[in-house]
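>>> I need the structure of the sequence given here:
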Amino acid sequence: MKHYVQGMLALGLSLGLFGGSTASASQRNYSAARSRSVRLVWRHSMGQYSYTATRGARYSAHLGVRYGANAATPNQVWYTNAHEKLYDKATHRQLIYYHVNNGDYTSGGWIWRGYLKAAPVIQGGSNAVKTPVAVAPATVPLARMNLAALYQSPQHAAVNPADATVM
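Numbers count the residues shown, from 1 in each chain. This next block holds a predicted model:
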């Protein structure tokens, strides 16, 4: 019996020392309670607008995972591409969140619109709103594509028309 107790004690210690894993950053920032406290009402795509945020945080969809505090990136310009309405079950309020990405799409998330402030637009600067080029879908034959919009776009002013046709 003594050996049995010693074996169980050794097993318990080994599981405690080696079996316990440390929580990753996303596990530490995950909140099931926060995710269950809201209900998605609708989600739609939207135009691209530039904002900055110094308060609050960026979250995953349904607010499950907290990606990071906005105070850590006060000069970051965020560009919107979608918005959603959530119903807060505790306060019975409707909340609007915008999905944002930075300019090179390396980080993003959902930010409550109350934390977003319009970014000052510098003409030709890195925070100028990027407008999509009106090009026909790939299912349209090349002869019927409207490439004039591509040639006149300020983003593609240096594109050679012959190269644009090949693209």
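
>>> could I get the full set of strands for the chain?
38-45, 50-53, 57-59, 66-69, 78-88, 93-101, 108-112, 116-118 (DSSP state E).

>>> remind me what the longest one packs against, helices and strands.
Using 3 or more C-beta pairs under 8 Å, 6 or more residues apart in numbering; DSSP states H and E as the contact criterion, the elements in contact with strand 78-88 are strand 38-45, strand 50-53, strand 93-101, strand 108-112. Every residue, glycine included, has its C-beta placed from N, CA and C.

>>> cool, the third one as well?
If contacts are counted by 3+ C-beta pairs under 8 Å, 6+ apart, strand 57-59 sits against strand 66-69, strand 108-112.

>>> what's in contact with that strand?
65-70, 97, 100, 107-111 (C-beta atoms under 8 Å, 6 or more residues apart in numbering).

>>> quick one on the thing from earlier: winner for burial among the helices and strands packed on strand 57-59?
By mean neighbour count, with neighbours taken as mean count of other C-beta atoms under 10 Å, strand 108-112 ranks first of the helices and strands packed on strand 57-59 at a mean of 20.

>>> tilt between that strand and strand 38-45?
Strand 108-112 runs at 120 degrees relative to strand 38-45, counting by axes from the mean of the first three to the mean of the last three C-alpha atoms, to 10 degrees.

>>> low pLDDT regions in this structure?
1, 3-27, 121-167 (pLDDT under 70).

>>> for Glu84, find the nearest of the helices and strands packed on strand 78-88.
Proximity to Glu84 (C-beta to C-beta) singles out strand 38-45 among the helices and strands packed on strand 78-88, at 3.9 Å.

>>> mind listing what's buried in the closest one?
Across strand 38-45, burial judged by 16 or more other C-beta atoms under 10 Å covers Val38.

>>> returning to what we had before: of all the helices and strands packed on strand 57-59, which one is nearest Arg34?
When the helices and strands packed on strand 57-59 are compared by C-beta to C-beta, strand 66-69 sits nearest Arg34, at 8.1 Å.

>>> other SSEs contacting that closest one?
strand 57-59.

>>> just checking, His62 touches Leu40?
Yes. Judged on C-beta atoms under 8 Å, His62 makes contact with Leu40 at a distance of 6.4 Å.
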